[in-house]
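S.K.: Make a model of this:
(3 chains)
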Amino acid sequence: MIRPIALPLALLALAGVLATVISLGVGSVAIDPMDVLSVFLGEGTDLQRTLVLELRLPRTLSGFATGGLLAVAGALMQVLLRNPLADPYVLGLSGGAAVGALLAMLAGLGGVVVSGSAFAGAMLATLMVFGLAHGTGSWTPSRLLLTGVVVAAGWGAVITLMLAISPARELPGMLYWLMGDVSYARTPWPGLGLLLVVCFIVVPLGRSLNVLARGPMQAAALGISVRPLEWMIYVLASLLTATAVTMAGSIGFVGLVIPHMLRMVLGNDQRLILPACALAGGTLLVLADTLARVVIAPEQLPVGVITALLGVPTFLYLLYRSR
Amino acid sequence: MASLKRPAMQTLKTRELVIDIPGRASGYPLNLAIESGQIWGVLGPNGAGKTTLLHSLAGLRPPRSGSLCLNDKPANELKRRVLSQQLGLVFQDRQDGFPATVLETALIGRHPWLSPWQMEGADDLAMAERALEALDVLHLKDRLVSTLSGGERQRVAIATLMTQSPHTWLLDEPTNHLDLHHQVAVMKLLTGRAKAGNAIFMCLHDLNLAARWCDHILLMYPNGEACWGLAERMLVPSALERLYNQELQTVEVDGTPFFVPKRG
Amino acid sequence: MVKLKGLIAILGWMLIVAPASASRVCATDDLGEKVCLDRPATRIAALSPGATELAWAAGAGDQVVAVVAYSDYPPAAREVTSVGSHTRMDMERLLQLRPDLVIGWVTGNPSEQLATLKKVGIPVFSIEPRSFEAVSHTIERLSVLAGTETEGFAEAEHFRQGIAGLRTQFENADPVSVFYQVWDEPLMTVNGEHLIGEMIQLCGGANVFGHLDRLVPRISAEAVVAADPEAILAGGMGEENRHWLARWQNFPSLTATARDNLFFIPPSLVQRPTPRMLVGTRLFCDKLEVARDRRSDGVHL
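M.R.: Predicted coordinates:
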């Protein structure tokens, strides 16, 4: 809370810019860095312009938005449930989104309908978990977490069922959607816009979240209207997850690991952690996607594989080193 | 320097307040008036509802009936933030889900006083450090709370309340886990706050700490009965023996009665 | 005079050649979208192994500049640059090859990636042949877009005739109950609406699972034993891997096993909707004929 906030954020922003530059400069087609620059100055050949402006730029921005949204959603969920294991995937939001998307695919629909259906699925999952966790009694974090985990297991079963009864020819598309891929993103702008808005919302909200992290009673004693704040966090986190999943399918891991890594290094001031999550999550996914595109080109890897391969050792190292 | 400023006079009143204890058929309505300069001690056996009463007074738990007034204004009409500028509470048990340092923990006491966009400033930091100093934990300020002993954590919690600097201090077993020296230090600190114009209202297990430091006593019986008043009128052996269902022997030190359980 | 003659010659050449080289070609794809090219395609990207074969069948093999993984037929296709798998294409490499026509696969390629191609101005012709006639029709349409109608229509007609010939030949053949095994673990077959189902029917076979709802149903070994088919036909992983049939040796009571009617069909001949299906179908029909022959053998035993 008393640490300088500007310096870490500036460093992370710099890392984000670097990752973006790398992602724009690297691809299975070699483009000279000067040529990439000239494309942005309105020059370069048609092919270079198409590759950089139509392929790499939207993909990079989508990756950044997706990673940022997932990391912020994870951080919010962890504060809400005061449980370090919480993330949108654990709570079944992505399961709901996946069922929505697969249903649309099963119906033979594609494109925008799949995205819309995924979004609806995520929001339905949110309402279900919140409604059921509320139940007839109290609404406690452990109850919410348990409800989420059980509902997520239910979604998992539905997904398996759908995969089992789907026509074989629909399977590849479904599996690839479940693995997640930034290249499926249609447009980065709604995601990026939401990420920006959220960063502005969470800074003033941050101190309240810090207090909420001490438990609801303590938070209430320090002047916080706990229930409205909790609802707000949950709806916000759901919205972020739904948007991210809608953009790029289900990419796990980012929402769980990025917030923890940052907490180990930067402490637990949400005013710093949440914007830092947006930057670091975005950076990680942009770098991972760059690798996924070029490592064994022309074959393309699912980006979730790379996020896990990059993130797991880093996370374990930090955990081992931490107090 | 809000914490050193002499607080304005303030009264926390309960009107026919019956706390909500699950499974208890009825309760004796409380009509308390907790005023500036007073030190209240709440005594009672386990399960008598001491903690529930504190939570109800802090507005965290709705009472079964009756109402709570701050300066004759119904407390439930006040915003949570305004209420928490007037009333602060040290909980008996605390959860620390995420790692936080001692200084960070004390600083969250400033939350009710800061606007959403405001960051903690130098004077907030100074207040937190002064509070940690007063509770003899300043040297631990960069330690993680999770690495502290029970007594150290207790003092950090009281320092957080001091940083919050409400008018009325509600404390649930503030001497829990503390060694004798720190028990006395805390009771002296609270007495000092009362002299400066704060109102102190705390649950205590130690009859003799209450006898030594409190000027008002509330006795809570397990069946819901309660009686309250000046300490010297409440601390009589017969009442206390009934309260704890334990025979007591009385000795007098410095003109105050002290109570020890009878042998056998 | 010389100049005038030259001018007339040039004018005459323009009259003959210009309309041809500037001729606009159009075809409607399997999504119902009309795809028009200002001139026949010269740089074709085929985004599925089947599309590659069809492009070659249409006589446009020399124009194919990009394929995807497993495009192994005809052998010349292996020399063409690959742009990754059909589920996840390397878009940069694809664009670098500057295709002027992309043959997409409706249910195989990610629709998002096809949409991106359309967005950057590359015509995408999406195909999904699901019947014998669709194979011929697709070859014809591709040859129109590639300007190779002569070869394409001939090949399409050859395939059509070949299938029609088989149909006539086996129209009144004795039905043979057939189980066709698409996959081993889990055990999968096809229903009557599948192209392979159509193939079974055409050869006078009766698919024991033809009535199932799903195109590629997953079934249990028990269901196969209960249905007791007269012949079991199976593909396998790779062209010469017959071990999928071995499991049926454990059921000597099965008619197919007792009469040794366990037949291997190279999967690439029947599972890709291409002209090679004619070879596959012929093989299929031959095997069923063998099964019919063995009936009389059985009587002698």
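
S.K.: for chain A, where's the lowest mean pLDDT among helices and strands?
M.R.: Lowest mean confidence among the helices and strands of chain A (mean pLDDT, DSSP states H and E): helix A:171-179, at a mean of 74.

S.K.: Now do the helices in the chain.
M.R.: Picked chain A for this. A:6-25, A:33-40, A:46-49, A:57-81, A:93-106, A:112-134, A:141-165, A:171-179, A:189-212, A:216-221, A:226-248, A:254-266, A:270-294, A:303-321 (DSSP state H).

S.K.: let's do chain C instead
M.R.: Under DSSP H, chain C gives helices at C:2-21, C:49-57, C:91-96, C:111-119, C:132-146, C:149-170, C:195-202, C:221-227, C:243-246, C:255-258, C:267-270, C:277-300.

S.K.: Take those helices and lay them out in JSON lines including distance to B:Ala58 and mean neighbour count.
M.R.: Any C-beta I mention is one placed from the backbone N, CA and C, and that applies to glycine too. Formatted as JSON lines, the entries for the helices of chain C read as follows, by distance: least, Cβ to Cβ, whole Å; neighbours: other Cβ atoms under 10 Å in any protein chain shown:
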{"stretch": "helix C:2-21", "distance to B:Ala58": "88", "mean neighbour count": "10"}
{"stretch": "helix C:49-57", "distance to B:Ala58": "72", "mean neighbour count": "27"}
{"stretch": "helix C:91-96", "distance to B:Ala58": "61", "mean neighbour count": "23"}
{"stretch": "helix C:111-119", "distance to B:Ala58": "55", "mean neighbour count": "18"}
{"stretch": "helix C:132-146", "distance to B:Ala58": "76", "mean neighbour count": "23"}
{"stretch": "helix C:149-170", "distance to B:Ala58": "85", "mean neighbour count": "17"}
{"stretch": "helix C:195-202", "distance to B:Ala58": "74", "mean neighbour count": "22"}
{"stretch": "helix C:221-227", "distance to B:Ala58": "68", "mean neighbour count": "14"}
{"stretch": "helix C:243-246", "distance to B:Ala58": "73", "mean neighbour count": "15"}
{"stretch": "helix C:255-258", "distance to B:Ala58": "81", "mean neighbour count": "18"}
{"stretch": "helix C:267-270", "distance to B:Ala58": "74", "mean neighbour count": "20"}
{"stretch": "helix C:277-300", "distance to B:Ala58": "80", "mean neighbour count": "17"}
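
S.K.: Which one of those has the poorest average confidence?
M.R.: Note on the helices of chain C: helix C:2-21 shows the lowest mean pLDDT, a mean of 53.

S.K.: shaky segments in chain B?
M.R.: Flagging of chain B using pLDDT under 70 yields the residue ranges B:1-8, B:96-97, B:264.

S.K.: and with 50 instead?
M.R.: B:1-4 (pLDDT under 50).

S.K.: which stretches of it form helices?
M.R.: Remark: helices assigned in chain B by DSSP H are B:50-57, B:80-86, B:102-107, B:122-134, B:150-164, B:180-195, B:207-213, B:231-234, B:237-244.

S.K.: For the stretch 1-150 of chain C, list the residues in contact with chain A, please.
M.R.: Residues of the stretch 1-150 of chain C found near chain A (Cβ under 8 Å from any Cβ of the partner chain) are C:69, C:82-93, C:95-96, C:98, C:107-108, C:110-113, C:115-116, C:119-120.

S.K.: Now do the same contact list for the residue in the stretch 1-150 of chain A that chain B sits nearest to.
M.R.: Chain B sits closest to A:Arg82 of the stretch 1-150 of chain A, with a gap of 3.7 Å, by Cβ to the nearest Cβ. By Cβ atoms under 8 Å, 6 or more residues apart in numbering or on different chains, the contact list for A:Arg82 reads A:Pro141, A:Ala213, A:Gly215, B:Gln95, B:Gly97, B:Phe98.

S.K.: got it, and C:Ala58?
M.R.: Neighbour list for C:Ala58: C:Ile139, C:Glu140, C:Leu142, C:Ser143, C:Ala146, C:Thr148, C:Glu151, C:Gly152, C:Glu155 [criterion: Cβ under 8 Å, 6+ apart].

S.K.: What is the burial count for the residue lying closest to the fifth one once chain neighbours are set aside?
M.R.: The one in question is C:Ala146. Nearest-residue entry for C:Ala146: C:Ala60, 3.5 Å, with adjacent residues in sequence omitted and distances by Cβ to Cβ, 6 or more residues apart in numbering or on different chains. Residues lying near C:Ala60 (other Cβ atoms under 10 Å in any protein chain shown) number 26.

S.K.: Near chain C, which residues of the stretch 201-323 of chain A? Just list them.
M.R.: Counting by Cβ under 8 Å from any Cβ, the stretch 201-323 of chain A sits next to chain C at A:Arg293, A:Ala297, A:Pro298, A:Glu299, A:Gln300, A:Pro302.

S.K.: please redo it, this time with the cut-off set to 6 Å
M.R.: Counting by Cβ under 6 Å from any Cβ of the partner chain, the stretch 201-323 of chain A comes close to chain C at A:Ala297, A:Pro298, A:Glu299, A:Gln300.
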